[in-house]
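sequence and predicted structure are below.
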Amino acid sequence: MTDHAATSPLTQRELIEGWFMEHRVQVLDLAAFLDRLERARELDGEDDFRMRSVRAALAILTDGEGDRVRRVQMVFSDPDTTLLDSLDRKSAFGAHDAEA
Amino acid sequence: MEYVDLHAHMVSRTTDDYRAMAMSGCVAVTEPAFWAGYDRPGAVAFVDYFDRLVDFEPRRAAQYGIAHHTWMCLNPKEAEDRALTREVLKLIPAYLERPTVLGIGEIGLNRVTRNELAGFKDHVDLAMAHDQLIHIHTPHLEDKWKGTKVIVDTLVADARVQPQRVMVDHAEEHTVEMILGNGFWTGLTLYPVTKVPPGRAIDIIEMYGPERVCVASACDWGDSRPLAVAELVLEMRRRGHGDALIRRIVYENPIEFLSQSPKFALPDRAGVVAAR
């Protein structure tokens, strides 16, 4: 891993002053989304692979080990470079289903 | 600030978007051939599309002082059909002779199938045979990492390919190192949701530096922002970066890459007074 220390020209205090509010609302949006899932009329997606990825990503955010965005990207990624024999679908889902 | 949007699908945008882009500083766009959001019914539909890219769009852009150049290919989302791919490949050499065509693109992979990779290699062969620049689409979302890896490994294994003549686009945090580390140019496409918004693109620029890095709106028929490069300029200033670095990213770098094609040109800004 490349050392990216001090590559931001702004101080921590300056970054917080400038961007706290927009990231505060992103945290609240995610919290509200998780609450909304619990309030759903039917609890039919609790083991959805996309939400498993979100839970794994959230653990990375708080493990204190840094390099968060790249590691979260890999949580959502298919790590297998084996070519598919044929096209199964056109679009991506946003998360890899390791159990599919 | 003047900028070049290296990746913009203007066939999907309105004339008002050209106007807004010009007013925000855009002086040139390059438009890779891509998927229309649905599969085309046959090769003749590509003729119609390619004709628009080399004729109508340059004229529409010129009304707003924007230079329009383009890239030719059958995009990876339609490359599963090998027969169609072969038909379209036969059409492309004639278009490579047109004055605003810079090279082959955006080729690449989508779901990373055998046929997609075969089509990708066909296009690389075509680019090598005609000494063309290459513009590459890397897959979306969960397929991004594996597709980028297959593309980079394929190109590195091909001794004919000069990495400085290849733009591997749609990089993100988990793919940028493998692209730049192998000598390719890379693009950060500024989508609001599915790729990198300006804030994260600036993070990547801060961490990896400006060498061989470009940005683009990649505006198309989906959720995208034709003024995304101007938004990045604004955000880079907020983030404490000086205009010299910003200009390098949005103007000098794309010109350096694109000028490897002798056909690339910026609009003539001398005006009629200079001609008298």
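Structure received. As the structure is a computational prediction, the values presented were derived from the model and not from experiment.

quick one: low-confidence parts of the stretch 1-150 of chain B?
In the prediction, the stretch 1-150 of chain B carries no residues with pLDDT under 70.

could you point out the helix or strand that follows the helix or strand hosting residue B:167?
Counting by DSSP states H and E, the element that carries residue B:167 is strand B:166-168. As assigned by DSSP H and E, the chain's next helix or strand after strand B:166-168 is helix B:176-180.

direction included, what does the helix or strand following that following helix pair up with?
Per DSSP H and E, the first helix or strand lying C-terminal to helix B:176-180 is strand B:185-189. Sheet pairing for strand B:185-189, assigned by DSSP bridges, gives strand B:166-168 (parallel), strand B:213-216 (parallel).

contact partners of the shortest one?
Spelled out, that is strand B:166-168. With contacts defined as C-beta atoms under 8 Å, 6 or more residues apart in numbering or on different chains, strand B:166-168 is touched by B:6, B:105, B:133-136, B:138, B:148, B:151-152, B:155, B:179, B:184-187, B:214, B:257. Backbone N, C-alpha and C define where each C-beta goes, glycine included.

recalculate using a threshold of 10 Å.
B:6-7, B:30, B:32, B:71, B:103-106, B:108, B:124, B:127, B:133-138, B:148, B:151-152, B:155, B:175-176, B:178-180, B:182-187, B:212, B:214, B:216, B:254, B:257-258 (C-beta atoms under 10 Å, 6 or more residues apart in numbering or on different chains).

now for the helix ranked longest in chain A, which elements pack on it?
If you go by DSSP state H, chain A has its longest helix at helix A:12-38. Applying 3 or more C-beta pairs under 10 Å, 6 or more residues apart in numbering or on different chains; DSSP states H and E, we find helix A:12-38 packed against helix A:49-61, helix B:198-208.

on that earlier part again, can you select the buried ones among the contacts of strand B:166-168 for me in ChimeraX?
What follows is the ChimeraX syntax selecting those of the contacts of strand B:166-168 that are buried according to 16 or more other C-beta atoms under 10 Å in any protein chain shown:
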select /B:6,7,30,32,71,103,104,105,106,108,124,127,133,134,135,136,137,138,148,151,152,155,175,176,178,179,180,184,185,186,187,212,214,216,254,257,258
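
which regions of chain A lie under the pLDDT threshold?
Residue ranges of chain A with pLDDT under 70: A:1-2.
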